[in-house]
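In: got a predicted model here, sequence first, then my questions.
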Amino acid sequence: MDSKEVLKEYFGYDSFRAGQEDIINAILEKKDVLAIMPTGAGKSLCYQVPAMMLSGITVVISPLISLMQDQVKSLNDVGINAAYVNSTLSESEIDGTLNMVLNGIYKIIYIAPERLESAKFCEFSKQADISMVTVDEAHCISQWGQDFRPSYLNILSFVKKLARRPIISAFTATATSKVRDDILQILSLERPVILTTGFDRSNLTFKVKHIKDKDSYILDYLVSHRQDSGIIYCATRKNVEKVYDMLNANGLSVTKYHAGLSAEERKENQDSFIYDIKPVVVATNAFGMGIDKSNVRFVIHYNMPQSMENYYQEAGRAGRDGENSQCVLLFSAQDVIIDRMLLDNKDFSDVDEEDEFLIRQRDIRRLQIMEGYCKTTGCLRNYILEYFGEKTFGPCDNCGNCHREYHETDMTREAKWVVNCVAETRGRYGLTIVLGTLLGAKRARLRELGADKYKSYGCLLYTSPSPRDRQ
């Protein structure tokens with residue numbers, strides 16, 4: 001069978017999406033590939049189809065257990081024998097799975113990157129006929145990727161130990177030019193075919209809402225979209241529980257997902273969402289990677305994500321069927337505080353001290369970029385695309401900012417007086433003193449400091465004469 005026949009027989013599609021056939025052909029020509037394709041563009045098919053046509057097996061390195069399980073289930077459902085090896089299996093189950101691979105029962109096997117270091121898997125790999133090693137979520141290999149995993153750095157040494165070098169294929173949805181270069185270098189791809197299909201998802205409408213009462217907004221939105229399926233992302237488990245309880249109390253059909261639930265609960269709740277038993281899920285970012293649910297009509301972020309990579313990957317789970325869908329981010333100043341707290345408590349136990357410093361600086365910069373997205377008055381789609389290095393040609397006319405009117409105000413005079421006031425205080429005091437001085441507050445503390453004698457005193461109190469008038 002050729003690739004189109006495999007596509008039709010196993011996956012039921014008559015034709016490939018943009019870029020898929022080029023990647024598959026490159027793999028079948030035994031070339032290394034790096035594919036950067038947005039969420040919903042069909043990355044998985046790009047290695048699953050050739051895996052069925054290559055002589056040996058394909059080892060897929062995947063970062064999450066839930067992602068492996070979903071992919072394997074989907075493959076088995078369409079008649080492709082696939083398996084995974086991870087910590088959910090007993091040692092005897094792992095032995096049985098690896099033996100079945102060696103006996104030709106499975107064509108595709110999913111593993112976590114940490115598994116590459118195990119003696120058992122190394123022994124297996126010496127006996128197996130491995131045609132291709134696929135690195136899924138390949139941004140994890142780069143310290144500049146949003147989910148850096150040190151164990152991904154072991155992939156190349158694993159490949160070098162194999163009797164015959166396999167094809168290496170790497171896939172990711174979100175990669176800046178720096179991350180792309182890291183992937184190419186760290187995996188040591190040989191004359192790779194690099195394909196970027198473009199990051200734009202024209203069927204998605206992006207909006208940022210600056211509101212205090214997020215619960216009321218979400219409740220009203222769900223009431224007016226009762227027939228739609230959607231995801232509500234929260235930064236913390238506490239917020240997931242709060243929003244879930246609020247929606248449930250108002251009679252809406254919702255479920256929830258976060259790492260604090262048992263594995264059984266997570267599986268049951270995920271299936272309820274996927275099979276439309278519960279059309280809406282409230283979840284942390286632990287949910288969604290690899291979930292192939294095409295009819296998600298909206299993704300609402302209750303809190304601002306920590307990076308543009310995270311946001312675009314999560315928002316991209318809407319509209320995978322190509323239909324118009326909404327991506328709404330609810331922003332408040334509190335979100336920045338929450339994200340900084342989460343970054344401060346990030347686990348760096350597996351990272352060198354020098355690397356930890358670099359990653360922290362990277363994370364802070366990403367948070368600033370995300371905050372900029374929430375506050376920009378420019379085209380939201382262009383902000384996203386430019387971050388990922390794509391050229392833009394004018395506003396998209398399909399985002400919240402393009403359909404909103406803004407009034408520009410010249411604040412040059414005010415800014416000059418703020419700078420002047422800080423200079424007069426010699427930078428010794430904080431916001432309370434500076435603001436009180438600028439507004440001409442009648443406070444004993446200001447008189448004690450002599451701030452009431454500054455030229456800047458009362459200069460921003462518009463109801464009083466300007467400093468120039470008083471002189």
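Out: The structure has been received and is ready for your questions.

In: any idea which helix or strand comes after the host helix or strand of residue 93?
Out: In the assignment (DSSP states H and E), residue 93 maps to helix 91-102. Next along the chain after helix 91-102, taking DSSP H and E as the criterion, comes strand 108-111.

In: direction included, what does that following strand pair against?
Out: strand 57-61 (parallel), strand 82-85 (parallel) (DSSP bridges).

In: render the CA-only coordinates of whichever helix or strand comes after the first one in CSV, please.
Out: Heading C-terminal from strand 57-61, the first helix or strand you meet, by DSSP H and E, is helix 65-77. Presented in CSV, the C-alpha positions along helix 65-77 are these (Å, rounded to 0.1, in the frame of the first residue of the first chain):
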residue,chain,number,x,y,z
ILE,A,65,1.4,9.0,30.2
SER,A,66,-2.0,10.2,29.3
LEU,A,67,-0.8,11.3,25.8
MET,A,68,0.7,7.8,25.2
GLN,A,69,-2.5,6.1,26.4
ASP,A,70,-4.7,8.2,24.2
GLN,A,71,-2.6,7.7,21.1
VAL,A,72,-2.3,3.9,21.6
LYS,A,73,-6.1,3.6,22.2
SER,A,74,-6.8,5.6,19.0
LEU,A,75,-4.4,3.5,17.0
ASN,A,76,-5.8,0.2,18.3
ASP,A,77,-9.3,1.4,17.6
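
In: report the buried residues of helix 65-77.
Out: 66, 67, 68, 69, 70, 71, 72, 74, 75 (16 or more other CB atoms under 10 Å). The way it works is simple: take the backbone N, C-alpha and C, and place the C-beta from them, glycine included.

In: what separates the second one from residue 61, distance-wise?
Out: This means residue 67. 11 Å (CB to CB, to the nearest Å).

In: touching both of those two, which residues are there?
Out: residue 136 (CB atoms under 8 Å, 6 or more residues apart in numbering).

In: tell me where the stretch 201-350 of the chain has strands.
Out: 204-210, 229-233, 254-257, 280-283, 296-301, 325-331 (DSSP state E, counting those that start in this stretch).

In: buried ones in stretch 163-177?
Out: Those would be 166, 167, 168, 169, 170, 171, 172, 173, 174, 175, 176, for stretch 163-177 by 16+ other CB under 10 Å.

In: which residues of the stretch 301-450 of the chain score low on pLDDT?
Out: 350-351 (pLDDT under 70).

In: now do the same end-to-end measure for stretch 167-183.
Out: 15 Å (CA to CA, to the nearest Å).

In: so where do the helices sit in the stretch 151-300 of the chain?
Out: Applying DSSP state H, counting those that start in this stretch to the stretch 151-300 of the chain gives helices spanning 155-161, 177-186, 214-224, 237-249, 263-274.

In: what comes up buried for the shortest one?
Out: What that stands for is helix 155-161. Quick answer for helix 155-161 (16+ other CB under 10 Å): 155, 156, 158, 159.

In: and it, how far out from the chain middle?
Out: Computed by CA atoms, centre = their mean, to the nearest Å, the chain-centroid distance of helix 155-161 equals 28 Å.

In: got the contact list for it?
Out: 61, 113, 116, 122, 125-126, 133, 135, 141, 165-166, 168, 186-188.

In: average pLDDT across that helix?
Out: Helix 155-161 comes out with an average pLDDT of 93.

In: beta partners for residue 172?
Out: The partner residues for residue 172, given DSSP bridges, come to residue 36.

In: the helix or strand encompassing residue 418: what's the following helix or strand?
Out: Per DSSP H and E: residue 418 is located in helix 412-424. For helix 412-424, the following helix or strand on the C-terminal side (DSSP H and E) is helix 431-438.

In: how about that next one: buried residues?
Out: For helix 431-438, by 16+ other CB under 10 Å, it's 433, 434, 436, 437, 438.

In: just the strands paired with strand 108-111: most buried one?
Out: strand 57-61 (a mean of 26; mean count of other CB atoms under 10 Å).

In: quick one: mean pLDDT for that strand?
Out: 96.

In: show me what that strand is in contact with.
Out: Strand 57-61 is contacted by residues 47, 50-51, 68, 71, 101, 106-113, 116, 125, 128-136, 152, 155, 166 when judged by CB under 8 Å, 6+ apart.

In: please redo it, this time with the cut-off set to 7 Å
Out: The contact list for strand 57-61 (CB atoms under 7 Å, 6 or more residues apart in numbering) reads 47, 51, 101, 106-111, 113, 128-136, 155.

In: that one versus helix 91-102: what angle between them?
Out: 140 degrees (axes from the mean of the first three to the mean of the last three CA atoms, to 10 degrees).

In: just want the angle from strand 57-61 to helix 65-77.
Out: Using the same axes, to 10 degrees: strand 57-61 against helix 65-77 is 150 degrees.

In: what is the neighbour count of residue 228?
Out: Counted with other CB atoms under 10 Å, residues neighbouring residue 228 total 16.

In: quick check, residue 452 in contact with residue 445.
Out: No: counting by CB atoms under 7 Å, residue 452 does not reach residue 445; the two are 10.3 Å apart.

In: how far out from the middle of the chain is stretch 273-293?
Out: 15 Å.
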